[in-house]
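Asker: Model the structure of this input:
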Amino acid sequence: MQVLAISGSLRAGSTNTALLRGLALAAVPPHRVRLWAGLADLPIFSPDREGPPAPPAVEAFAAAVAGADALVIACPEYVHALPGGLKNAIDWLVSRPEIIDKPIALLHASHRGEDVLADLRRVLGTVSSRFAADVFERFALMKLSPDAVAAVLARPAEQARLRGFLDRLARHVQAG
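Answerer: This is a model prediction of the structure:
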């Protein structure tokens, strides 16, 4: 299974991005996780710019989504809501075919953040018929540095949780 991992944070020291890097490192064949790093490259969404063709960064993002068997999103909560950069990325996909039947699951890097999780579940459940609300893992990593996150996720128990998450997502993908 080819997974495209998307962090909702642009911060260089993002806990969510570190969590997704940990997922990529934990993945074993037949799973492969690729971290998408183009969130900051997307222009602000405008229906007038949807194309075809859309701006090159949008076309590259849509192609990455199309090429994945599933998406995994890890996202911080900003002001009790979805950060603008991630919402912007999702907005670019709304009128495109790449997201409609794409399996999507969430990872969460905090012991809190229920508002952003509710927003993500509502938005992703709207744009994809295959949003997997029951494929979810939460890790208490808030305020840890990327190196500290890597150390936590390298523990055998956490590796097992990450691999179990990927296995559950693979079953959801296969259930079609």
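Asker: from here on, contacts and neighbour counts on C-alpha atoms
Answerer: Will do.
Asker: Run the chain-centre distance for whichever strand or helix holds Leu4.
Answerer: Per DSSP states H and E: Leu4 is located in strand 2-7. Strand 2-7 sits 5 Å away from the centroid of its parent chain (Cα atoms, centre = their mean, to the nearest Å).
Asker: Point out the other helices and strands that it packs with.
Answerer: Judged by 3 or more Cα pairs under 8 Å, 6 or more residues apart in numbering; DSSP states H and E, strand 2-7 is in contact with helix 15-26, strand 32-36, helix 56-67, strand 70-74.
Asker: got the buried residues for the lengthiest helix in the chain?
Answerer: Ordering each helix of the chain by length in residues (DSSP state H) puts helix 156-175 first. For helix 156-175, burial by neighbour count (16 or more other Cα atoms under 10 Å) applies to 158-159, 161-163, 165-170, 172-173.
Asker: Nearest to Trp36 among the residues you listed?
Answerer: Leu166 (17.1 Å; Cα to Cα).
Asker: which residues does the closest one contact?
Answerer: 27, 31 (Cα atoms under 8 Å, 6 or more residues apart in numbering).
Asker: How about the one 3 residues further on?
Answerer: Contacts for Leu169 (Cα under 8 Å, 6+ apart) come out as 70, 105, 132, 135.
Asker: how close does the first one get to Asp91?
Answerer: To tie it back to what came earlier, the one meant is Ala70. Distance, Ala70 to Asp91, by Cα to Cα, to the nearest Å: 18 Å.
Asker: Looking at these two, which has the bigger crowd around it?
Answerer: Ala70 (25 against 17; other Cα atoms under 10 Å).
Asker: Which strand runs longest in this protein?
Answerer: In the chain, assigned by DSSP state E, the strand with the most residues is strand 131-138.
Asker: Pull up the pairing partners for that strand, direction included.
Answerer: Using DSSP bridges, the strands paired with strand 131-138 are strand 104-108 (parallel).
Asker: State the next helix or strand along the chain beyond the strand it pairs with.
Answerer: helix 114-127.
Asker: Touching that following helix from outside, list them.
Answerer: 75-78, 80-82, 94, 99-100, 104, 131, 133.
Asker: Any idea what the residue nearest to the spatial centre of the chain is bridged to?
Answerer: In the chain, the C-alpha nearest the mean C-alpha coordinate belongs to Ile73, at 1.6 Å (Cα atoms, centre = their mean). Using DSSP bridges, the beta-bridge partners of Ile73 come out as Ile6, Leu106.
Asker: quick thing: my sequence starts at 36, can you match it?
Answerer: Okay, residue one is now 36; in that scheme the one you just asked about reads as Ile108.
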